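K.L.:
here is the input, now give the coordinates:
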Amino acid sequence: MIERRWIQKGYRIFFAIALLICVGGIPAYAEELVPDAGEITGRVLFISSYSYAWETVPEQIRGIKEALGAGVQLDYQFMDTKNVETAESEQLFYQTLTYYLKMVPAYDVVIVGDDAAFQFAMTYRDELFAQTPVVFEGVNNRELAKKAAADPLVTGVVETLSYENTITLAKKLYPDARQVVGILDDTVTGEGERKEFQYYDTVFPELDFVEIDASKLSQEELKRQVAALGEESILVYIMCSRDGDGNVYAAAEAIQMLSDVAQIPMFSIVSHGMGKGFLGGEIVSQEQMGKRAGEMAVQILEGTDCAGISIVMEPPKVYCFDENVMRRFGISASKLPGDAVIINHRETFWEKNRDTIRATLVIAAVALAMVAWLAVDNMRRRKMNEVITRANEKLSYSAHYDVLTHLKNRSVFMEDIRQRIASGEEFTVFMYDLDNFKRVNDTYGHNTGDEVLREVALRSLAVEDGHFTPYRLAGDEFVALIDCGDYRVIERYASGLMERLQKPCRMGEADETLGVSLGIAVWPEHGADATELLAAADAAMYTVKKNGKNGYAFYKEPCAP
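P.N.:
I've put the predicted structure just below:
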């Protein structure tokens, strides 16, 4: 490992120059443009199954960063399987990652988060990471994790959820329960948890284990089934990232929706979503799990043989409950584990004034001092609640809007396409990006590149008139929806957008003009669903680039052979 790192340091400048000449810059998800070789003690790539907007991902990254420290360069790649989970998207991710890995210095360790990324890494291990140690975390498929760990270059942390302890506690609270109902979906993670959930049918033979598969139900059917459950059931939320209608949910959104209709408390075995409607349970800490994976990576960077690092089958856990839900269902804290963390706790009159009452019996001065202390304590609590409120608002915003450009994000774009298709009215998809945008990052740095992307967003918004809606897809790729299928109207929008985007942008000390390639696809002429429309618009944009860039083109069906 040490010899390999020295080789990387010796070639780092060469790779940087090659990138500048050949592709015009380093991808935007690298944390630094060209790090000083003397400052870096290792390079780690984190591949997430989801996007950064998914609730667990920032927690995992925080834990990984804390463990790695400042001397290790950490880069990211996101599969975004919560929004798009198809064979085509996996193949596209594979091609993109293959190209990326060829263009940057080799990584010392690859960390993969959650089941989809883990299965991807194991499937393409020989092609992508044949000699690179792989550390997994957040993986629910225990058997696959143990099998993969037989490879001397694979180790990690299994996300073993606390079904047994949580169900045991639920039985004490609801002794008349006859069944355990698990809310699941058919994602890769959901399938892994389905096996784990069904296993506990043998641990609790007196209970029936029943699934509510959100992926097979409409939103109304899902809510109806949850609302129909009574105290003969123990309701456990496992995963609900999409339903049979095609709706895609953030965890907090699904939890809020289901807890609002549930007539019994919803137990939890995951940390994200606490405070949104869960009663709670014994939950896994995503941040601590990421930290443990980061610590394993540090061991490898320091020279420890990966084969000597055993996989962790039991991640960090803690009992956690929401007092708001406890009050709703009349559950006393005395029935919960003594070391449990209680959120949304309201102090009773005795709790707030106990010291004051006792002190009053001794001397009035002590009582006054305690009143003052309580006033300060209440002020601190108000400030803390304000911080929590702001954090929740920020989280809600980031789930729907791109943080850099403040345009609506990919998730909202996909939902809007589905709604337009459902309406049956013709509409058009624009896909456009900046020609040679990597050169901007390379020449002027990522800060200037970000300013250019913000300017593109502002100019796109200037076209918005109630029929034209822009979005940021990813990187320097933007899309727009036009509520019209008339080619003449579409061409007017295309010309107007191109005219605005081709105006010079301030870069460094000079103004420069960037070319724009725009592909156009019309529903239903060029595609029946969102995936086909995006592919058609992308193909049209590629045609523009192939024919000299800086223009627009409608999608044309390829000629039959």
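
K.L.:
for the chain, longest helix please?
P.N.:
helix 364-398 (DSSP state H).

K.L.:
elements contacting that helix?
P.N.:
Applying 3 or more Cβ pairs under 8 Å, 6 or more residues apart in numbering; DSSP states H and E, one finds that helix 364-398 makes contact with helix 349-360. (Glycine included, C-beta is placed from N, CA and C.)

K.L.:
chain center to the helix it packs on: distance?
P.N.:
45 Å (Cα atoms, centre = their mean, to the nearest Å).

K.L.:
and stretch 500-515, by the same measure?
P.N.:
Stretch 500-515 sits 33 Å away from the centroid of its parent chain (Cα atoms, centre = their mean).

K.L.:
need the contact partners of it.
P.N.:
For stretch 500-515, the external contacting residues (Cβ atoms under 8 Å, 6 or more residues apart in numbering) are 432, 434-437, 440, 443-444, 448, 451-452, 455-456, 459-460, 462-463, 516, 549-550.

K.L.:
could you check how far residue 528 is from residue 218?
P.N.:
Between residue 528 and residue 218 the distance is 21 Å, computed by Cβ to Cβ, to the nearest Å.

K.L.:
between the two, which one's more packed in?
P.N.:
residue 218 (14 against 10; other Cβ atoms under 10 Å).

K.L.:
re the thing from before, following element in sequence after the longest helix of the chain, please.
P.N.:
Note on helix 364-398: by DSSP states H and E, the next helix or strand toward the C-terminus is helix 410-423.

K.L.:
circling back to that earlier point, list the buried residues for the longest helix of the chain?
P.N.:
367, 370 (16 or more other Cβ atoms under 10 Å).

K.L.:
that one vs helix 349-360, what angle?
P.N.:
Computed by axes from the mean of the first three to the mean of the last three Cα atoms, to 10 degrees, the angle separating helix 364-398 from helix 349-360 equals 150 degrees.

K.L.:
which residues does the residue nearest to residue 271 when sequence neighbours are not counted form a beta bridge with?
P.N.:
In this structure, residue 271 finds its nearest non-sequential neighbour in residue 283, 4.8 Å apart by Cβ to Cβ, 6 or more residues apart in numbering. Beta-bridge pairing of residue 283 under DSSP bridges involves residue 318.

K.L.:
quick check: residue 283 touching residue 320?
P.N.:
Yes - if you go by Cβ atoms under 8 Å, residue 283 and residue 320 touch, sitting 5.4 Å apart.

K.L.:
what do the two both touch?
P.N.:
268, 271, 274.

K.L.:
include distance to residue 170 and secondary structure when you put these into TSV, please.
P.N.:
Putting the shared contacts of residue 283 and residue 320 into TSV (distance: Cβ to Cβ, whole Å; DSSP: H, G, I helix; E, B strand; the rest coil) gives the following:
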residue	distance to residue 170	secondary structure
268	11	strand
271	18	coil
274	16	coil
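
K.L.:
helix/strand/coil for residue 522?
P.N.:
Secondary structure, DSSP: H, G, I helix; E, B strand; the rest coil: residue 522 is strand.

K.L.:
look up which residues are beta-bridged to it.
P.N.:
Beta-bridge partners recorded for residue 522 (DSSP bridges): residue 428.

K.L.:
ok, it - contacts?
P.N.:
So residue 522 contacts 426, 427, 428, 429, 485, 487, 490, 554, 555 (Cβ under 8 Å, 6+ apart).

K.L.:
strands - which of the contacts of stretch 500-515 land there?
P.N.:
Of the positions in these, 432, 434, 516 sit in strands, assigned by DSSP state E.

K.L.:
next one: the first one, what pLDDT does it get?
P.N.:
The confidence metric pLDDT takes the value 96 at residue 432.

K.L.:
what's the neighbour count on it?
P.N.:
Look at residue 432: counted by other Cβ under 10 Å, it has 26 neighbours.

K.L.:
nearest residue to it in space, please, no chain neighbours.
P.N.:
Nearest non-adjacent residue to residue 432 (Cβ to Cβ, 6+ apart): residue 518, at 4.1 Å.

K.L.:
contacts only, for that neighbour.
P.N.:
Per Cβ under 8 Å, 6+ apart, neighbours of residue 518: 430, 431, 432, 494, 497, 498, 541, 544, 551, 552, 553.

K.L.:
just residue 209 next, same as before
P.N.:
Residue 209 neighbours (Cβ under 8 Å, 6+ apart): 179, 180, 182, 197, 198, 200, 201.

K.L.:
redo that, cut-off 7 Å
P.N.:
180, 197, 198, 200, 201 (Cβ atoms under 7 Å, 6 or more residues apart in numbering).

K.L.:
good, wrapping up.
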